[in-house]
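J.: Need a 3D model of the following:
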Amino acid sequence: MRKRLRNLYSEELVDSDYLPELVELGVLIGSHRTALGINQEEFAKMIGVSRRTMTKIENGRQSLSFVAFLRIAAVLEMRPEYLLQELTRVTQRKWSTKGED
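T.: Model prediction:
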């Protein structure tokens with residue numbers, strides 16, 4: 001049975017492997033990867049995962065180990081804290097507009 005967690009944006013329960021923050025992180029990773037002109041398969045090899053796993057990461061369906069996160073930041077040529085700051089900005093913006101729907 002999958003572990004369930006409360007969705008930070010609502011009161012509904014979500015699968016622990018599908019959190020909005022993982023989706024946003026995946027989008028950021030994919031955007032930066034594309035901006036560098038690296039295809040998904042090549043990027044996956046660079047960080048030591050399969051293309052299938054990379055697809056799951058970019059779709060927010062795969063959580064990351066800290067080591068994988070550090071590898072991703074290195075390949076994206078950015079400091080890990082910068083990637084986290086970007087994620088924080090995106091999620092804060094969503095939190096601040098959540099009540100405006």
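
J.: going forward, measure contacts and count neighbours with C-alpha atoms only.
T.: Will do.

J.: from memory Glu41 sits against Thr53, does it?
T.: No. Here Glu41 lies out of contact with Thr53, judged by Cα atoms under 8 Å, at a distance of 10.0 Å.

J.: element containing Met46?
T.: When secondary structure is defined by DSSP states H and E, Met46 falls within helix 40-47.

J.: Alpha carbons of that helix, as CSV, please.
T.: Extracted C-alpha coordinates of helix 40-47, given in CSV (Å, rounded to 0.1, in the frame of the first residue of the first chain):
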residue,chain,number,x,y,z
GLN,A,40,16.4,13.9,-22.5
GLU,A,41,18.3,10.6,-23.3
GLU,A,42,21.7,12.4,-23.3
PHE,A,43,20.9,14.2,-20.1
ALA,A,44,19.8,10.9,-18.4
LYS,A,45,23.1,9.3,-19.3
MET,A,46,25.0,12.3,-17.9
ILE,A,47,23.3,11.9,-14.5
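
J.: just checking, what packs against that helix?
T.: helix 51-58, helix 66-75 (3 or more Cα pairs under 8 Å, 6 or more residues apart in numbering; DSSP states H and E).

J.: 10 Å instead, please
T.: Of the remaining helices and strands, those touching helix 40-47 by 3 or more Cα pairs under 10 Å, 6 or more residues apart in numbering; DSSP states H and E are helix 20-35, helix 51-58, helix 66-75.

J.: Make TSV out of those helices and add distance to Thr88, mean pLDDT and mean neighbour count.
T.: Converted to TSV, the helices and strands packed on helix 40-47 look like this (distance: least, Cα to Cα, whole Å; pLDDT from 0 to 100; neighbours: other Cα atoms under 10 Å):
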stretch	distance to Thr88	mean pLDDT	mean neighbour count
helix 20-35	9	94	18
helix 51-58	17	96	18
helix 66-75	15	96	15
